[in-house]
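*Asks:* what follows is a protein structure lacking sequence information:
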């Protein structure tokens, strides 16, 4: 495919359709034929290279790591010589038994709901993009923003374990040590953050105008407003 | 501080071509299609950012030097400092967890603040500085890996967990770190990526 027909495959009004690539580090707009950003020297791409493949590979890695993260103990409490390993879910159950519902909720949301929800959301985004589905682009973009924002919050439990390990060292009376699930869980968090980074949200908008009549109608006023955005707002 | 001249940029989230002109202080430009904030002209953004970054640097050093938390149970006392927390994990044979914890809460923010202070001082003085370009790239490369605010929540959760077993005493470093997290986040939110790079381009030549 020649460069010109590649550029014209993108919807009207986008930078890519004009053969311009936006630098992901410094936001500079430069001709896509440059391989490096003329301002900051970062690699320049029209779209993240192999975005969907990379994202799916990282998602699969995170899912695989999520198994040991839940099955193996995340920490071991040794009380008067008796060692008691506990898993992430076991810790939540224990907190509920002790009546600490808010803390149980925080750990449950950060360690179970956020990572699984995030993985499902990324898979769904990849699926809708690869199938060229026309589900609301605004909603999918909003979903991407949420995924990007919540990613790091899953680290909460790993931080809690590290604090407990450092603080609860009362010799034979009571001590806490970290378990292998903490490493696996850290891997899950890193995997999902990298997956969210490698997913290019612009792919969601790349089929606009090519297959939808209403999008075609909406694009004209949009292009007009895009040209005087600075003055208008 | 605003852009030197009207600039065309591609929205990072939907790639729409948008021209941003002069924004007066307090104004923000967002993408007319997907709503992504393209640029925000925070009043005195860079000055505020520098002030917050300097406070954050001081507070981060403080949070490393004093007791973070301590516990008392059955006459035994245990004091925890942040470096000790890393050491304890390392002694347990979990070097990887020590790096996984200390990286995002101490090392990454420390490098980001150093980069930020160096860049903002150079921009204020307006001297040509080619090193601004690699420093700027370094800052935005590190950005997704700082987890300062998550650690603060982690500490609060552990306080409640420990509270059931022993009496917890909050140390000077704990307060320093909480205020540090606020300053650190304020330093970053007052800084606009487009405006920063506009200045860097001017000075790096």
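*Replies:* Sure, I can see it. Everything numeric here is computed off the predicted structure, so don't read it as measured data.
*Asks:* pLDDT at residue 88, what is it?
*Replies:* All of this refers to chain A. According to the prediction, residue A:88 has pLDDT 90.
*Asks:* my bad, the chain I had in mind was chain B
*Replies:* Reading off the per-residue confidence, residue B:88 sits at a pLDDT of 82.
*Asks:* please name the nearest non-neighbouring residue to it.
*Replies:* Once flanking residues are discounted, residue B:88 sits nearest to residue A:166: 4.4 Å by Cβ to Cβ, 6 or more residues apart in numbering or on different chains. C-beta: built from backbone N, CA, C; applies to glycine.
*Asks:* return the helix or strand in chain A with minimum mean pLDDT.
*Replies:* Using mean pLDDT, DSSP states H and E, the weakest-scoring helix or strand in chain A turns out to be helix A:229-232, at a mean of 45.
*Asks:* state the distance from the spatially most central residue of chain A to residue A:112.
*Replies:* To find the centre residue of chain A, average its C-alpha atoms and take the closest one (Cα atoms, centre = their mean): that gives residue A:196, at 2.8 Å. Distance from residue A:196 to residue A:112, counting by Cβ to Cβ, to the nearest Å: 18 Å.
*Asks:* tell me the buried residues in stretch B:42-53?
*Replies:* The neighbour-count check on stretch B:42-53 (16 or more other Cβ atoms under 10 Å in any protein chain shown) flags B:42, B:45-46, B:48-53 as buried.
*Asks:* typo on my end, it should be stretch B:66-78
*Replies:* In terms of neighbour count (16+ other Cβ under 10 Å), stretch B:66-78 has its buried residues at B:67-71, B:73, B:78.
*Asks:* which two in these are spaced the farthest apart?
*Replies:* The most widely separated members of these, counting by Cβ to Cβ, are B:68 and B:73 (17.3 Å).
*Asks:* what ranges do the strands span in chain A?
*Replies:* A:20-22, A:29-31, A:75-79, A:82-86, A:169-170, A:174-178 (DSSP state E).
*Asks:* could you tell me the least trusted of the ones you listed?
*Replies:* Per-segment mean pLDDT for the strands of chain A reaches its minimum on strand A:169-170, at a mean of 75.
*Asks:* strand partners of that one, parallel vs antiparallel please.
*Replies:* Using DSSP bridges, the strands paired with strand A:169-170 in its sheet are strand A:174-178 (antiparallel).
*Asks:* next, the angle from the partner strand to strand A:75-79.
*Replies:* 160 degrees (axes from the mean of the first three to the mean of the last three Cα atoms, to 10 degrees).
*Asks:* so which residues make contact with strand A:174-178?
*Replies:* Where contact means Cβ atoms under 8 Å, 6 or more residues apart in numbering or on different chains, the residues beyond strand A:174-178 that reach it are A:74-80, A:161-162, A:164-165, A:168-169, B:73, B:89, B:92, B:94, B:97, B:165.
*Asks:* filter the residues you listed to the buried ones?
*Replies:* Among those, those scoring as buried are A:74-78, A:161-162, A:164-165, A:168-169, B:73, B:89, B:92, B:94, B:97, B:165 (criterion: 16+ other Cβ under 10 Å).
*Asks:* just to revisit the earlier point, can you list the buried residues of stretch B:42-53 in a markdown table and add secondary structure, pLDDT and distance to residue B:32?
*Replies:* As requested, those are exported to a markdown table (DSSP: H, G, I helix; E, B strand; the rest coil; pLDDT from 0 to 100; distance: Cβ to Cβ, whole Å):
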| residue | secondary structure | pLDDT | distance to residue B:32 |
| --- | --- | --- | --- |
| B:42 | coil | 87 | 21 |
| B:45 | helix | 89 | 23 |
| B:46 | helix | 92 | 27 |
| B:48 | helix | 95 | 28 |
| B:49 | helix | 96 | 27 |
| B:50 | helix | 96 | 32 |
| B:51 | helix | 96 | 33 |
| B:52 | helix | 97 | 31 |
| B:53 | helix | 97 | 33 |
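*Asks:* quick one: end-to-end length of stretch B:127-146, please.
*Replies:* The distance separating the two terminal residues of stretch B:127-146, taken as Cα to Cα, to the nearest Å, comes to 29 Å.
*Asks:* I misspoke; the intended subject was stretch B:13-22.
*Replies:* Using Cα to Cα, the span of stretch B:13-22 from its first residue to its last is 22 Å.
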